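Q: What shape does this take:
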Amino acid sequence: MSRSEDAQQSSARARARLVETIEHEVRIYGLGEGTQQLDPRVRAAMLKVPRERFVAVDSAASAYDNRPLPIGHRQTISQPLIVAAMTQLLQIGPSAHVLEVGTGSGYQTAVLAELASQVSTIEIVEPLAAGAKQVLADLGYENIAFRCGDGAAGWPEQGPFDGIIVTAAARQIPQALVDQLKPGGRLVIPVGPDAMGQDLLLVEKDAAGQVHERRLFSVAFVPLTGAERS
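A: Numbering: from 1, shown residues only. Take a look at the predicted model:
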């Protein structure tokens with residue numbers, strides 16, 4: 001076996017152990033809306049996406065720890081449990097078009113791209129946007145559209161969206177994102193003034209266009225930057 005094949009098998013085993021940990025946590029604590037089982041499609045995506053490709057070189061040994069890791073520019077790659085939970089809460093089908101606000105390392109983007117037909121992703125930090133785009137291209141993803149800029153206004157030209165995910169904490173839910181959500185769609189977003197006072201919110205728009213909001217559980221995210229933070 002070559003060194004490359006050995007490394008790939010080692011990473012696959014680490015991903016499998018990580019997914020077992022995530023499933024255990026979901027069984028114990030649930031996802032805040034009565035679900036205590038990881039969706040098989042989300043599980044498959046978490047098993048496939050190589051997290052080690054999205055972390056900094058000096059964090060490679062910790063790539064499959066179930067915790068956030070720094071990726072530079074005062075940003076982090078989210079805890080895998082939270083990535084799985086937020087992805088599952090979107091309830092996206094194979095034909096879905098999803099908007100991600102906060103590309104970051106591109107790890108959450110890749111998980112979404114495994115499940116949805118199209119992912120549109122926005123990142124305000126140019127070096128992160130460029131790095132994520134390159135890694136995702138190297139991994140062969142062709143169903144992702146990229147934009148570098150402030151995501152508070154969403155991406156009207158690409159919408160409306162079946163699901164919207166925000167990967168950093170806002171003080172309040174941007175109305176533009178709610179407006180770009182399709183009837184029947186879901187928005188998952190952390191909201192709160194600081195890392196010690198954030199809640200993960202699930203916003204649903206029903207068939208009649210009425211919006212319903214639920215607070216699910218406490219989280220700790222880096223803050224949104226730019227106009228998104230206001």
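Q: shaky segments in this protein?
A: 1-5, 195, 226-230 (pLDDT under 70).
Q: Helices of that one, start to end?
A: 3-29, 40-48, 80-90, 107-115, 126-138, 175-179 (DSSP state H).
Q: just how off-centre is the fifth one within its chain?
A: Same thing as helix 126-138. Centroid displacement of helix 126-138 relative to its chain, using C-alpha atoms, centre = their mean, to the nearest Å, is 15 Å.
Q: cool, and stretch 98-106?
A: With C-alpha atoms, centre = their mean, you get 6 Å for stretch 98-106.
Q: Quick one: end-to-end length of that stretch, please.
A: 14 Å (C-alpha to C-alpha, to the nearest Å).
Q: re the thing from before, the helices of the chain into JSON lines, with extra columns for distance to D58 and mean neighbour count?
A: The way it works is simple: take the backbone N, C-alpha and C, and place the C-beta from them, glycine included. Converted to JSON lines, those look like this (distance: least, C-beta to C-beta, whole Å; neighbours: other C-beta atoms under 10 Å):
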{"stretch": "helix 3-29", "distance to D58": "17", "mean neighbour count": "14"}
{"stretch": "helix 40-48", "distance to D58": "24", "mean neighbour count": "16"}
{"stretch": "helix 80-90", "distance to D58": "19", "mean neighbour count": "24"}
{"stretch": "helix 107-115", "distance to D58": "17", "mean neighbour count": "25"}
{"stretch": "helix 126-138", "distance to D58": "15", "mean neighbour count": "17"}
{"stretch": "helix 175-179", "distance to D58": "34", "mean neighbour count": "16"}
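Q: how about CSV for the ones you listed, with distance to A153 added?
A: Rendered in CSV, the data for the helices of the chain read as follows (distance: least, C-beta to C-beta, whole Å):
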stretch, distance to A153
helix 3-29, 33
helix 40-48, 28
helix 80-90, 20
helix 107-115, 19
helix 126-138, 16
helix 175-179, 5
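Q: Pull the distance from the longest strand seen in the chain to the chain's centre.
A: With secondary structure taken from DSSP state E, the chain has its longest strand at strand 181-191. Taking C-alpha atoms, centre = their mean, one finds the center of strand 181-191 at 13 Å from the center of the full chain.
Q: Please look at V111 and V83 and confirm they touch.
A: Yes: using C-beta atoms under 8 Å, V111 is in contact with V83, at 5.9 Å.
Q: shared neighbours, those two?
A: M46 (C-beta atoms under 8 Å, 6 or more residues apart in numbering).
Q: Q36: neighbouring residues, count only.
A: 12 (other C-beta atoms under 10 Å).
Q: so how far is P193 from it?
A: Distance, Q36 to P193, by C-beta to C-beta, to the nearest Å: 30 Å.
Q: Same check on L18?
A: 31 Å.
Q: Could you do S95 as well?
A: Taking C-beta to C-beta as the criterion, S95 is separated from P193 by 37 Å.
Q: Over to A84?
A: 26 Å.
Q: What of V19?
A: Distance from V19 to P193, by C-beta to C-beta: 33 Å.
Q: before we move on, what about Y107?
A: Counting by C-beta to C-beta - Y107 and P193 are separated by 26 Å.
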